Structures are given as C-alpha cells and as structure tokens.
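Colleague: Sequence and computational prediction follow.
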Number of protein chains: 2
Amino acid sequence: MHKRRLIKPDGRALILYGREPIAGDVEAPAPPNRTPPAPHLRWHPLRGEWVAYATHRQDRTFLPPAEYDPLAPTRDPAHPTEVPGTAWDVAVFDNRFPTFTTVAPEAPDSIVATRPATGAAEVVVFTPARDGALGALPLWHVELLVDVWSDRYCELGARPDVQYVMPFENRGVEVGVTLHHPHGQIYAYPFVPPVAARELEQQQHHLATHGRGLLEDLIAAELRDGRRVVYVDDDALAFVPVCARWAYELWVAPRRAAPSLAALDGGQRHAFANALKTALMLLDGVWQRPMPYVLVLHQAPTDDAPHPEAHVHAEIYPAYRMPGRLKYLAGSELGGGVFTADTLPEDTAVTLRTAARQAERSA
Amino acid sequence: MHKRRLIKPDGRALILYGREPIAGDVEAPAPPNRTPPAPHLRWHPLRGEWVAYATHRQDRTFLPPAEYDPLAPTRDPAHPTEVPGTAWDVAVFDNRFPTFTTVAPEAPDSIVATRPATGAAEVVVFTPARDGALGALPLWHVELLVDVWSDRYCELGARPDVQYVMPFENRGVEVGVTLHHPHGQIYAYPFVPPVAARELEQQQHHLATHGRGLLEDLIAAELRDGRRVVYVDDDALAFVPVCARWAYELWVAPRRAAPSLAALDGGQRHAFANALKTALMLLDGVWQRPMPYVLVLHQAPTDDAPHPEAHVHAEIYPAYRMPGRLKYLAGSELGGGVFTADTLPEDTAVTLRTAARQAERSA
C-alpha cells in the first residue's frame, strides 16, 4: 500500500492511498466557503453518555443534483471537489461538517458537564468511481480498504485524545445517506462509546470466567451449529448471529481473536476482506437490489489499557425486514433498548445462502 | 374512572375504561383467524441483552385500507373489530401479534441462552374516534388515559413474571405505525430493559452521592436556567432537556420525584396530563402539521426492590430535525450509541415556544 498525506487549502487533511505509488505533484482540492466547525459534547445524566452537538451540520450537502459529486476526482480546478484527479484508489479526508475535530473550541458552560468535541471525523472514499458499491469492488480493492482502515486505526489511535476509532459505512437513502458515491466514515471518539464499552465489559467478563474469548466461543458454536453461517474459510467467516437484532444482520470476523485489523497478518486480512465482500454481495442478492445498511467495525479501544478481550469484527445492519418493509426502531427499541425481530436468524441465513446459489447458477 | 374486564372469543383480555360506568351487557369482539403467538427470547452475549423473536408478527396488519379500522368500535357483529360498539373512552386489549404474552411456549434450545417471552403486549386505544391525536383529546380524556396507564402499571406490575411495565406511543408512518387510529401500546417485560436499567443505575448513583433525585436536581437546574422550559406549573413541567438527542425532544415530568404514575395524587396527575397535552400540541404547532414521534413512559421497575431513585416521566422523540428531514440513526448512533445532534436544545425550545404563541394569537 502506498500513502501520501496532503493538506487542503482550508487546513483539512487529505490522505491518498493506492496500490501503485501516488504521484508527487498532486495538490489537495477543497470546495470553497467552509463554515468553521464548532461541535461540543454534553453529558446526558440519565443515560450516562455523551451527546454531540454540531449545529454547522444542519446545512450539510443533502442529496445534491446528480451532476455534482464532491467525492469524485476533480476534473476542473475551477470547480474543486474534495479529492484530486490524480490516480488514487482510496482517499481519506477530514469531514467538511465534522462532529469531532482535531482542534475543537471550548465547550459552552451548561447545567450538565460539557467538553470540547475533540477527535476526528473522516470521510473514506472507497473508489474514484461514482457508481458501484463496496461489495462490488475487486477483492484487491477491498483488501486495500482493510489496510486503510488499519492504517487509520493506528494513526488516529496513537493520538492521546483519541480513545476509540470506529470506521463505518451508511449505505442508502433509507439510512439517511446524502451522497451516493461509495464512501464510509471514521469517527475517532475522545471516549469509548457506550455500545463498545458494554460489549467490552461482556467480553472481559467472559474471558475472566472461561479463559477464552467471548466472540471466539460464539464463532466456534456457530460453526458447530452451521445453520447461520453464510461463508467460512480457514481464517474468517460471515454469519447471521444467533441473536441478530436486524432481519438480515451479518457479522464478519476473523476466526481467531485479534484486537484490531492492525493485528491481523496478511493472510487474515485477505480472508477478512473476502468474507466481507461475500457478505455484502449476498445482501444485494437477497432481492436482487442494493440493500441499504449500516456497517460498523468493532475494535479494541485505543486507550492505554490492554484489551485481550477484544475481537475485531464487522456488524452489518440491513434496513429491510421484508421487501419494501423497513425495520423501524420505535418504543421498545428506542425507549427500552429491547429489539423485537419478526424473522428468525436461521431463516434469513437460508434466504441469504439461496440467493448466493442462484447468483452462482446464473453466472 | 370506571373499568370493566372482558375476555375475547380467542381468549385475549379486553378492558374497557370510561368516565361513566360501562354497560353490563357488552360482549368482547375479535377479528377471526388469529395465529397463536409463539415468541421467545435469546440472549445477545456481546451486548448483554435479550432480543425478542416473534415471527407471527411478520404478517401483521400493515396500513390496511382506510375503510377497515380494527381499533374502531364494532358496528356490525358479522365484521368484528377489536373493540365493542358500546360506550367506552379508553380500551385496552392483548395485542393480536404480541412480542410478549402471558402464556408463552417453551423457548427452543440454542447456542445462547433462551427463555419464553412471558409478559404482556397490550394495545391501548386512546379514543373511540378514528381521527384525532392524543394531544388533541380534551384534558379530562388525557387525565383518564393517565389513570389507565397507572392502572395497567399496578395490574401488570403485580404479576410475578413482570419486572417492568412500559407504556409507549409510536405515532406516524415515519416511525413505522401501521394503524392510524390514535393508540399506544404497553409492553410488560420479564426483565428490566437495558435503557431503563442504565438510567436507574445513574439515578441510584446520584441519590447515593448527593442524597437527592437525579431528575429532581436536573429539573431544578432546568427551571433556574429557564431557556428550555416550554411549560411549567406548580406540579409538572415540559422541557427540551439540555442533553436532547432528538432535535425537538421533550420530557414531561412531575416536579417532585415519584416512582410511577400510580404514586401521583389527583392534582399531580392532572398537572402531568396537562403538561403532556401541552407538549404534544406544541410539537404539532412547530410546522403546523402532525409531528411523528415515539413517546415512552419511564417508571420504576415492578421487581421486588424498592426504587427511591426512580422519577416517573415521559420522553418524546420527534422524528424530524428540520421540515422534511428525518433524523436517521446510523453508524454513530447504532454502532457506537453516540447521538449526533444538528440543533441546540436552546434553539428548538425557542421554536416550540414561538409556535405556541402563534397558536394563541390565531386562536
């Protein structure tokens, strides 16, 4: 992997990644007229969690006309996008409308605790091509993205103000995506987010009690059971977890515990990329149309503590529970935190595997 | 309040509530052809929470044609709805497609812990009238509903298998509502849901540390600050919490701590009903159109422990952050549990109060 770090005219970072070396004379473009971000955090005393306020985001780009794609390579320097025209395979830059930022202003005083929203909010452009999808990229390209996620984990995680690095992808208008060019994001939080904290607590408890990793044990049980596994090789697998909260939820993981993508060797990264690509293609195969989803990478915090309990994996939450019927989060989910599922993981796994076989036959 | 308990032909309970006595000769109707429910719970080991599976729900009534309203009083006994034609003001019945049920079948064995989904899932028909809204009901009717919620809390909470009673309302197609007749639901869980558990933990800690209630202290601070309070009288208030996660989020609470609606006296219930009605009318006034929302009542668990830390209140989560722009839960919210807000609670509170003043002027 080749990497080149640049600074945009407005001060934001741009990092280009490529299978081939990046040209030396490239300049970092930026659309004009950026409002300086001023996010801050407030403590939610009842839930015991931080809430981020970023009012400059209210006016962010919202489904722009098809002819304007800020994530496409700049063709005309008079009309700069966020990324240069020069050859690159994956580009990462500081979000123009960040929720967390390297230099955050003082937080206003309030009746609850407040703090600056220091951290990072990066955009990850998966490919220069505006059409397409993460799962449809060639395997080498998905592998390169895994390397990029790993690089961002190390670089952002090394910052003393960053406690947790979370790459994710929101895909589809159904989950609120405002730009259709294939891309994801990375949030670098100044704290361990509540969901991650809860999961690590469960994993720590399991490790202390059984001397084995919680996800490793679950994966072993899933493989013995077999009904919900949609892809497996020697190093990685994809499965509908037995406790899926979303109808077509999929988890992608290395079979052996590792705290982060950065801790995987080349073969394991290759296997993880392959399992991830397979999972995403299966989702698009269910109804032969792009499945909207939220994809989140779970890794060890980048605080100073060791995390032998952590086991890197991706969780994918598809938005539909039936063709044309979204899963809504309502009273039980939002108010109680209790998910209600209309489908059994065993059944949706069969649907996913059937879609895969049909795709093979018609290929 | 008058109350009359009936049993439907399919064995489900129907309870009619009225300001006037309920007629003695009323029969409980039920639409035909009900699939017996068979929900079960599975343990999510990573999140440490229960997930409910209710596959009979996949085919539940979905935006039926306008001429069929299963929550309207039965006019023709040959075409029964869920509620009788006889006079009542609020009706409660066991959900035809329950996620939790009084008699649940054995849960299937699995690679994670499972258990029967015992508990209750009730539908609360707010009014016999099919058009209208909770906030638009006369004050006496909202007060009656508060009494009904209180009665359900006591009756369901007295069951040894019920640990937590959660009344809620999902309103609007934007939050997945399938029936437009004004109605809410009550889930009676066989465990304390994770969100409630987390909040009680924070409240216990505050009470132990400061000797005062967490929400009481927050309410006192909100009243001193004043900027986010949209309604207040001697006994209750409605406010945009300083830590709002949704743009127009509103909390409605009695000013003095009480573990549940059942613990409020008549005057406090009246004040709570009035504050709730005011809050809901303000929401509909923001853009002069019905605001979709999720409303959830937070009360003390009905386990055997005392809960001096609990402070009953309603939290209302409106779906829109701007006219026509929904707040989507995506990577940060679903993957990390970190909400990102585009608006400041101080600003949305001004909008809510301005809408109220405009409504007063035009009235």
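Modeller: Okay, I see it.

Colleague: if I look at A:Ala247, how far off is B:Arg96?
Modeller: Noted for A:Ala247: a distance of 21 Å to B:Arg96, by CB to CB, to the nearest Å. In short, each C-beta sits where N, CA and C put it, glycine included.

Colleague: Between those two, tell me which one has more neighbours.
Modeller: Higher neighbour count among A:Ala247 and B:Arg96: A:Ala247, with 24 against 21, using other CB atoms under 10 Å in any protein chain shown.

Colleague: now that one, what's its secondary structure?
Modeller: At A:Ala247 the chain is in coil, as set by DSSP: H, G, I helix; E, B strand; the rest coil.

Colleague: who's in contact with it?
Modeller: Residues near A:Ala247 by CB atoms under 8 Å, 6 or more residues apart in numbering or on different chains: A:Pro318, A:Tyr320, A:Arg321, A:Met322, A:Lys327, A:Ala341, A:Asp342, A:Thr343, A:Thr348.

Colleague: Put the buried members of those into a PyMOL selection.
Modeller: Only the buried entries of those go into this PyMOL selection, using 16 or more other CB atoms under 10 Å in any protein chain shown:
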select buried, chain A and resi 318+320+321+327+341+342+343+348
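
Colleague: Could you report the neighbour count for A:Pro193?
Modeller: For A:Pro193, the neighbour count with other CB under 10 Å is 22.

Colleague: For chain B, see how far away it is.
Modeller: Plainly put, A:Pro193 is 3 Å away from chain B if you go by CB to the nearest CB, to the nearest Å.

Colleague: quick one: that residue from A:Leu329, how far?
Modeller: According to CB to CB, A:Pro193 stands 17 Å off from A:Leu329.

Colleague: swap in A:Val195?
Modeller: Distance, A:Val195 to A:Leu329, using CB to CB: 14 Å.

Colleague: Next up, the contacts around A:Phe191.
Modeller: A:Phe191 neighbours (CB under 8 Å, 6+ apart): A:Trp50, A:Gln163, A:Tyr164.

Colleague: returning to what we had before: when you check chain B, which of the contacts of A:Ala247 turn up near it?
Modeller: Among these, the ones lying close to chain B by the criterion of CB under 8 Å from any CB of the partner chain are A:Arg321, A:Met322, A:Ala341, A:Asp342, A:Thr343.

Colleague: coming back round to it: among the contacts of A:Ala247, name the ones in strands.
Modeller: A:Pro318, A:Tyr320, A:Arg321, A:Met322, A:Ala341 (DSSP state E).

Colleague: By pLDDT, give me the weakest of those.
Modeller: Between the ones in strands among the contacts of A:Ala247, the one the model trusts least by pLDDT is A:Met322, at 91.

Colleague: Look up the residues forming beta bridges with that one.
Modeller: Note on A:Met322: beta-bridge partners A:Arg325, judged by DSSP bridges.

Colleague: measure it to A:Thr351 for me?
Modeller: Going from A:Met322 to A:Thr351 by CB to CB gives 11 Å.

Colleague: And for A:Arg227, nearest residue in space, chain neighbours not counted?
Modeller: Distances taken as CB to CB, 6 or more residues apart in numbering or on different chains put A:Glu346 closest to A:Arg227, at 4.9 Å, once the chain neighbours are dropped.

Colleague: quick one, domains of chain A?
Modeller: Structural domains assigned to chain A are A:2-193, A:195-362, following automatic domain parsing.

Colleague: Figure out the length between the terminal residues of the shortest one.
Modeller: What that stands for is domain A:195-362. 41 Å (CA to CA, to the nearest Å).

Colleague: cool, and the longest one?
Modeller: Distance between the boundary residues of domain A:2-193 (CA to CA) amounts to 31 Å.
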